[in-house]
Each structure stands twice: as structure tokens, then as C-alpha cells.
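Peer 1: sharing a model that was predicted from the sequence below.
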Amino acid sequence: MPMLGLKIDVDTYWGMKNGVPCLLQTLKEFNLKGTFFLSIGPDNSGRAALQLIKNPLFLKKMMRTNAPALYGWKTALYGTLLPAPMIALSFPEILKEIIANGHEVQFHAWDHRRWQDELPHKSEKWIKEWFDTGMAGFEKLTGNKPTAFGAPSWIIDDRVLSIIKEYKFEYLSCTRAKAPFIHEIVNVLEIPSDLPCFEEIDEQKGVAIISDLLKDGGTHVLPVHAEVEGGIFQNQFRELLEKALNMGIEVVTLKEIKDKLDIQTLPRRKYQIELLPGRHSPCAV
């Protein structure tokens, strides 16, 4: 049976507070489950202002996606003119609701913004401390260690893969590759987000574009963001879910995809870094 995995990233305080409850309601109405990758620590989204100056593609994306409506004005000031609030750690009651509704919960980030903007310039010590702090926060919040990691903005390097060996993740979701594979550096399964994000494609044609990609009857993963599909794109998300179900596609968590894969038959690969259409910065593919 064809499958559609829902990889739901929570990147901001706004997304955890407002987007996640909206997504939980949507998924409850459709009786579906997804995998929530949580940012645990500080929301330093205000630091993105530096990218507006340095990266014209980032400015273009912010204008195209109506960023103030997407993230809210306060988000644009967190970590600069306003203190950076904790993201998932601020909402233990929402975390309990995610778990109570039967969704999978995994680790996405400690400080999402700094990883996204500064990883290449950070030391291995910084990366190790980022993981240790984030993993400790995840365990404090959930009572369990995460069994998977999804890198912020799909940005990784060889140092990251070497460092995460010690955490013994069952799978990673760190790339935008076209199909699952084994990371040759860390010897761990990768379940990539192969479909485009709604904010990367034409707003009016997004549902049709993604629906067409689902027609091959295979296994796909849709990257969902609490700030997007739990915000101004929630109607498009609902429409896509309805289309997928009408096509006979089973909507599942990433763990369910992992459990059905024959890992022995998957290729071992080295990721590459590319700039995908609609994105403002390169990511792993």
C-alpha cells in the first residue's frame, strides 16, 4: 500500500503554541498520526534579520510567504530586542497532548536558528554541547530519549554525522533525498523528506503539485511545519490530506515507514549539498 509519512517540524515558540494545537485538531479530525520533530530550546528567530541582509534569496522567501502572517511579529524580535523564549520546554501540556493523541515525538533542535545560520562556523565542541543540551531537554520534557533526529533546515556535515554515532538513533531524517538510504558515515537509516514544502512552491498550485507526485504509488514523506500547515496554509494541508486518502494512500508516522523498510536492501550513500528550487539556502540531498 502506498504510504505518506508526515514529518512535522516545530521550529518556533509561535509554532509550538499556536501551530501544533491546530495540527493536532486537523489530524484528529482525519484520524491520522504524524511524527513531531521538536525544537526544545531558545527561539532565536530574531537573528534571522542578519540573513535578510546577507542572503537575497532569504528576503525573497520572506516576502513570498508573507513572513509576518506566517510567524507573527514577536517572532521576528526573539533573541534580539526580545528575550528568546524556550520553545517545546515552555509547553509541557501541549507535549502531553501530542503523546496522548498517539503521535511519534522526536528531536529536531536545541537552538534551531543558530544551527541553521551558523553550523559551518561552529566547532565540534559546540555541536556536541548543542546535542547534549538538546537531548537532556528532550528527556526532561518527555521522560524518554529520542530515537531519531531531524536536522534543522536539513543542514548537516561530516562532523555532525560522526558526533551523533554515540546517540544510537534508530533513524535520521536529515536530507531531502528522493528515497531512503543508509548514511555511510554513521551507518544509520535515513528517511528523507522527498516532497516539497508548501512554502517552496506556488501557493495556488501547491496541492496539485504534491498530489501529482503521490500518484506513483510509492512511499513519500511530506515536510510539514507547525508554523505553516498549522497556520496560514492549514486549508491547503487539509485539502492535500483529503486527496491523499481518496487516492488510497496510507498516512503514517516515520517510525511506521522505518518498520516496513527492508534495511538490508537499501543503498549506502554519502549525502550531497544542493540549493533546491524555492529554498533560500543549500541543504543535504
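Peer 2: Sure, I can see it.

Peer 1: show residues contacting the helix or strand harbouring residue 131.
Peer 2: Under the criterion of DSSP states H and E, residue 131 resides in helix 124-142. The contact list for helix 124-142, computed with Cβ atoms under 8 Å, 6 or more residues apart in numbering, reads 38, 40-41, 88-89, 92, 95, 99, 105, 107, 109-111, 114-115, 119, 122, 145-146, 159-160, 163-164, 167. (Each C-beta comes from the backbone N, C-alpha and C, glycine too.)

Peer 1: is there a quick ChimeraX command that grabs whichever of those residues are buried?
Peer 2: Restricted to buried positions by 16 or more other Cβ atoms under 10 Å, the ChimeraX selection for those reads:
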select :38,40,41,88,89,95,105,107,109,110,111,114,115,119,146,159,160,163,164,167
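
Peer 1: can you flag which of the contacts of helix 124-142 belong to helices?
Peer 2: Judged by DSSP state H, those include 92, 95, 99, 114, 115, 159, 160, 163 as members of helices.

Peer 1: now do the strands in the stretch 101-250 of the chain.
Peer 2: 104-109, 148-149, 171-172, 181-183, 188-190, 219-225, 250-252 (DSSP state E, counting those that start in this stretch).

Peer 1: and those as JSON lines, adding mean pLDDT and distance to residue 269?
Peer 2: What follows is the strands of the stretch 101-250 of the chain, written out as JSON lines (pLDDT from 0 to 100; distance: least, Cβ to Cβ, whole Å):
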{"stretch": "strand 104-109", "mean pLDDT": "98", "distance to residue 269": "22"}
{"stretch": "strand 148-149", "mean pLDDT": "98", "distance to residue 269": "18"}
{"stretch": "strand 171-172", "mean pLDDT": "98", "distance to residue 269": "12"}
{"stretch": "strand 181-183", "mean pLDDT": "98", "distance to residue 269": "4"}
{"stretch": "strand 188-190", "mean pLDDT": "98", "distance to residue 269": "8"}
{"stretch": "strand 219-225", "mean pLDDT": "98", "distance to residue 269": "16"}
{"stretch": "strand 250-252", "mean pLDDT": "98", "distance to residue 269": "23"}
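
Peer 1: got TSV for the ones you listed, with distance to residue 5 too?
Peer 2: Listed next are these as TSV, based on distance: least, Cβ to Cβ, whole Å:
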stretch	distance to residue 5
strand 104-109	10
strand 148-149	12
strand 171-172	11
strand 181-183	15
strand 188-190	13
strand 219-225	4
strand 250-252	6
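
Peer 1: would you tell me which of those strands gets closest to residue 283?
Peer 2: When these are compared by Cβ to Cβ, strand 219-225 sits nearest residue 283, at 10.7 Å.

Peer 1: so what touches the closest one?
Peer 2: Contacts of strand 219-225 (Cβ under 8 Å, 6+ apart): 2-11, 15, 19, 23, 34, 173, 176, 180, 191-197, 199, 210, 213-214, 237, 240, 254, 257.

Peer 1: can you flag the buried ones in the residues you listed?
Peer 2: 3-11, 15, 19, 23, 34, 173, 176, 180, 191-197, 199, 210, 214, 237, 240, 254, 257.

Peer 1: need the contact list for residue 269.
Peer 2: Listed by Cβ under 8 Å, 6+ apart, the contact set of residue 269 reads 177, 181, 182, 183, 184.

Peer 1: who are the contact partners of the third one?
Peer 2: Right, the one you point to is residue 182. 188, 189, 190, 263, 266, 267, 268, 269.

Peer 1: same question for the second one.
Peer 2: Counting by Cβ under 8 Å, 6+ apart, residue 181 touches 189, 190, 192, 266, 267, 268, 269.

Peer 1: thank you, goodbye.
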